[in-house]
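>>> Below are the sequence and a predicted model for it; my questions follow.
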Amino acid sequence: MTGSASPSIFTRIIDREIPADIVFESESLIAIRDIAPQAPVHLLVIPKTPQYRDVVELAAGDPGLLAEVIATAKSLADEHCGGEFRLVFNTGESAGQTVFHVHAHVLGEGEGTQTLTEQTLGD
Ligand code: 5GP
């Protein structure tokens, strides 16, 4: 449950120690463009609290905050990719998780382009 000893890259972004392209911010969440996009639209929705390592911990510890992450993903998808999106929570190293501060990947096509490939973030 507890965060790691040193602040995660996302906490450093939230604290404005590292720059990021911020597309949304509220009291509890921040959303940024992924630095290495895997789809035409690739956003990360990140709870500000460093308390939860992954979505399983978040669901158990604060289901309301998880619901907020999902509602924000939908709003961002409405704004950036026509309301349709893939929501990915990598959970564990072998599943591709590299940052252990829970975050949702919101993946989508730009307006009027083709469909996402099946392998997006699924390699
Ligand atoms: P994970 O692999 O943990 O599911 O996702 C971490 C994501 O964070 C990756 O898609 C990676 O590209 C992104 N990322 C890592 N460092 C930074 C950064 O400094 N800035 C931004 N905007 N994204 C980052």
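Here it is on my side, so go on.
>>> Now the closest residue to Gly108 other than its chain neighbours, what are its backbone angles?
If the residues on either side of it in the chain are set aside, Gly108 comes closest to Cys81, at 3.1 Å by C-beta to C-beta, 6 or more residues apart in numbering. C-betas here are computed from N, CA, C, even on glycine. Main-chain dihedrals, Cys81, degrees, to the nearest 10: phi -150, psi 40.
>>> wait, isn't Cys81 in contact with Gly110?
Yes - with contact defined as C-beta atoms under 8 Å, Cys81 and Gly110 form a contacting pair (6.4 Å).
>>> Between those two, which has more neighbouring residues?
Cys81 (23 against 12; other C-beta atoms under 10 Å).
>>> show me the contacts for the more buried one.
Applying C-beta atoms under 8 Å, 6 or more residues apart in numbering, we find Cys81 in contact with 40-41, 108-111.
>>> which residues touch the longest strand anywhere in the chain?
Secondary structure assigned by DSSP state E gives strand 41-47 as the longest strand of the chain. Strand 41-47 is touched from outside by 10, 13-14, 23-24, 28-34, 58, 62, 65, 68-69, 72-73, 76-77, 80-81, 85, 101-110, with contacts defined as C-beta under 8 Å, 6+ apart.
>>> How far off centre is it?
Its chain's C-alpha centre and that of strand 41-47 lie 3 Å apart, by C-alpha atoms, centre = their mean, to the nearest Å.
>>> Distance of Pro19 relative to the ligand?
8 Å (C-beta to the nearest ligand atom, to the nearest Å).
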